[in-house]
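Q: model this:
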Amino acid sequence: MLGFLDRFSRRQKQAVLIAMDAALFALTLWGALAIREGKWTPNFRGYYWTFLAVLLVTRIPIFVRLGLYRAALRYPGTMITRTAILGVGLSSLATGAALFLLRPAFASRSALFVLEPLLATLAVIASREFLAQLLARQLARARAAEPVIIYGAGVAGLQLAQSLSLGGVMRPIAFVDDDPSKWGMRMVDLDVHPSSRLRELSLRHRVRTALLAAPSTDVEERRAMLRRLEEVGLKVKEVPGILEILLGRQPVDRLHEVRSDDLLPRRVVLPDDSLLRQVVTGRTVLVTGAGGSIGSEICRQLAALGPAQIVLYEIGEYPLYRIEMELAEGWPDLKAAAVLGSVLDEARLEETYRRFKVDAVYHAAAYKHVPLVEQNPLEGVRINVFGTFVAARAAVRSGVSTFLLVSTDKAVRPTSVMGASKRVAELTCLMVHEQARAAALRFARGEASTPTRFAIVRFGNVLDSAGSLVPLLRHQIARGGPVTVTHPEITRYFMTITEAAQLVIQASALGAGGEVFLLDMGEPVKVHDLARRMINLATQGTGRSIEIRITGLRPGEKLQEELLVDPARSRPTRHPKIHMAVEHGQSAEAMHRAVLRLEGALQKGVLAEVYAVLEELVEGYKRPERAMDVLRRGETCFSFAGNGAAGVAEPAVLPAPAPSVEPHRAFTADADVRP
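A: Coordinates of the predicted model:
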C-alpha cells in the first residue's frame, strides 16, 4: 500500500480519496435505506441513483472546500473528525433542499437525514484511521523499527506514542505506568501495564530500550522509575521537560540521555527567590572567571534575575567570547560588558569596578584541578590566594557593596595544594573584611560607614562542569572503556551546576559579612557505584561490557571528603539547606605576617617555604612527602596528570602555562586596606 501510494502525485492521491469516498457514500446510502426497510434488498423505486447523484454533487464539493482532501493520511486527528461531521451535516442540508425542489414520489426522511449522515460520518473517520494505521505499520516494517516500551501514560507519553507510531526508528509496543487507575486501559492502540510487568514485556517483545515519558514528575519518582528500568536491564532515554515541550523549545519525540541530576541520591535544593533577587535585581554585578564552568553558570543565573548590568571578567579570550554570545542570545535586552583581564592585575580590576559602578562581585576565578595544582603549586597558590586578595582589596577601594568568594569543600582539612590554597584564600578574604571594617571606622572618625560585605560559600563536586566526573565517565563509556576510578571506596558529595550557582547567589544575600556558608548536601556518593550505574544505563540492552579499572589515589586526593555540615561547627540560616560555618581562623595581624612570608616565598620560588606557610595557616594540611624543595619559575614541567573529576583518573597532557601577572608586592607595599 505504501509503495502503491508513493507512485502518485498529490493531486492523484486526492482523486483516489474522492473516488473512495464516492464509493463509501454509495454504500452508506444503500445501507441507510436497507436499515429503514429492514431488508438487504430495499425497493428503491428507481430513485436510488437520483439520490446518490444529488448526494455526491453536494457532499464532495463541500469536503473539498473544507480541506478534507488536503489532510495528510499519516496524521489523522481531531481535524478529520470535525471536518467529517461538518461536511456531512452541510451536505445533508443541501441534499434536503435539492430533494425538496425535485419532489420525488418516494423519499424516506429518516433514512436520508438521520441514518445516512451517521453512517457517512463514521465511514469517513474510520477510513482515514485505517489508512493511517496501515501506512504507519508498513513504514515501521520498512524501516525495521526497534520495539520500545514507553514508561508514563500521561500527556507526554501519549504524544510520544503518536509521534513514533507515524514512522521512525522506534516502534512503541506498550505503556507502563505506576498509576493503578490506568492499568488495563488502551491508549492510542497500546495497552497500559504496571511496572511489575516490565521484565515480561521486554522478554516477550525483545525490547532493549525504554523511553521515560514523565517530564513533570518529581525527582524521587523519576529516580524510582530509573531504578526499575535498570533492574530489568533496559537502556533508558527520556523526553524533554514539559515546560520545554509547551514552550515549543523541544518536540516531544526529541529523546536524550538521562540527566546528571537524576544520578544524585538526594533532592535538588530549591532556591529562595527572594534571596536570589536581593543583591542582583536592578544592580550591577561582576563575575570573575566568567568563562569557566561555575562562573558562566553564575552569569546565566544572574542574567535571569534582571540585573541593571552584568560585567564578565575573564582572562581567556574564547571563554569570554562564548559566554558573552550566549547571554546576548538568551537575554537580548540584558546590558552586559566583557572585560579581558587577570585577577592579579589590581589596577585593571579597580578601574573596572569604578568604571561600571559595580555593586556586587562574584569571585569564581581560580585553579581548581587538584592534580594539576599539585604539580604546579606556585601558580596554584598565586592565583587562588593572591588573585582573591587583589580582587577583594580592589573591591573595598572601589566601594563595592558585596564580595562573594566561591570556595570548595576541599578547603576543609585539605590534603592538596588546591584545597589548602582555597582555605588560605578564605582566610585572606576574612582578613580583608576585618581590615576594611576597621578602616571604615577609623576614617569615619568613629562613625561606622558601610564597608564591603564579604561572604564565602563552599560546596562539593559539581556535575557536568568542565573536567568533572560525569562528563569524563560519559566520554570513557562512549569510547568503550575502560572507566578509570582511583579507589573502589572513594566517596564524594555532588550537586548540580545550576544548584551550585544558585547557592552562590543566595549566600551573597545572607549574613552581615565575614561568614562562610555551606550546603547540606545529604549523603556522599561512592564514585565506583556511580560509575557502575552510568555504565548500566548506557549499555543495557546492547550486549556491551565496560571494565572499571582501579588506578590508585592521586597526589593530594582524599579517600573521603569532609562532612560539610557538622552540627558542632555550624548553625542554620534562613534557608533550610544553607548553613553557616563556625570556624576560628588567624587574627588579622597574624594572617598579615603569614601572607607576607607566602608572598616572599612565591617571588623567590622557594616551594618549601610555601608549604611551610600552608601548614601553618591551614588545619590538617601536610606537605607532600616527595615535594621538591625549590621550583623556580620558568621551568617547564612535562608529565601526565589525572583528570580533575573527583575519584576518576585519566592521562591528560598538561596545557601550556599562561603568562602570569605579578601580585604587585600587595602586602609589603601597602599593608592597610582603605575603602
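
Q: which ones are touching the closest residue in space to D178 that isn't next to it in sequence?
A: Excluding the flanking residues, the one nearest D178 by CB to CB, 6 or more residues apart in numbering is S195, at 5.8 Å. Heads up, the C-betas are built off the backbone N, CA and C, glycines and all. By CB atoms under 8 Å, 6 or more residues apart in numbering, the contact set of S195 is 151, 176-178, 225, 228.

Q: for I578, same thing?
A: Shown in contact with I578 (CB under 8 Å, 6+ apart): 503, 506-507, 510, 517-520.

Q: just these now: which is nearest L430?
A: Nearest to L430 out of the contacts of I578 is F517 (CB to CB; 13.0 Å).

Q: just the contacts of S195: which are in strands?
A: Among those, the ones falling in strands (DSSP state E) are 151, 176.

Q: most widely separated two among the contacts of S195?
A: D177 and R228 (11.7 Å).

Q: so what's E146 bridging to?
A: When bridges are called by DSSP bridges, E146 pairs up with M170.

Q: what segments of the stretch 201-350 of the chain are strands?
A: Secondary structure of the stretch 201-350 of the chain, counting by DSSP state E, counting those that start in this stretch: strands at 209-212, 235-238, 284-288, 309-314, 336-340.

Q: if we can go back for a sec, out of the contacts of S195, who has the most neighbours?
A: Neighbour counts for the contacts of S195 (other CB atoms under 10 Å) peak at V176, which has 29 neighbours.

Q: what would the contacts of S195 look like in JSON lines with distance to I497 and pLDDT?
A: Supplementary listing: the contacts of S195 in JSON lines, determined by distance: CB to CB, whole Å; pLDDT from 0 to 100:
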{"residue": "Y151", "distance to I497": "27", "pLDDT": "89"}
{"residue": "V176", "distance to I497": "31", "pLDDT": "91"}
{"residue": "D177", "distance to I497": "32", "pLDDT": "90"}
{"residue": "D178", "distance to I497": "30", "pLDDT": "88"}
{"residue": "M225", "distance to I497": "23", "pLDDT": "83"}
{"residue": "R228", "distance to I497": "28", "pLDDT": "83"}
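
Q: out of the contacts of S195, who's nearest K422?
A: M225 (38.1 Å).

Q: am I right that the closest one is in contact with A210?
A: No - if you go by CB atoms under 8 Å, M225 and A210 don't touch, sitting 9.0 Å apart.

Q: so for these two, which residues contact both of them?
A: Common contacts of M225 and A210, defined by CB under 8 Å, 6+ apart, comprise Y151.

Q: contacts only, for the residue lying closest to S401 once chain neighbours are set aside.
A: Excluding its sequence neighbours, the residue lying closest to S401 (CB to CB, 6+ apart) is D359, at 5.0 Å. Contact analysis of D359 by CB under 8 Å, 6+ apart lists 279, 283-285, 400-402.

Q: list phi and psi for D359.
A: Main-chain torsions, D359, degrees, to the nearest 10: phi -90, psi -40.

Q: now do it against V516, distance only.
A: For D359, the distance to V516 (CB to CB, to the nearest Å) stands at 22 Å.

Q: equivalent analysis for R228, please.
A: As judged by CB to CB, R228 and V516 stand 41 Å apart.

Q: now swap in A500 and tell me
A: As judged by CB to CB, A500 and V516 stand 16 Å apart.

Q: which one of the contacts of S195 is nearest to L598?
A: Among the contacts of S195, and counting by CB to CB, the member closest to L598 is M225, at 52.0 Å.

Q: pLDDT score assigned to the residue lying closest to P572 once chain neighbours are set aside?
A: Leaving aside its chain neighbours, P572 sits nearest to H579 (5.9 Å; criterion: CB to CB, 6+ apart). For H579, the pLDDT comes out at 81.

Q: do the same with the one 10 residues further on
A: Predicted confidence (pLDDT) at E589: the value is 81.
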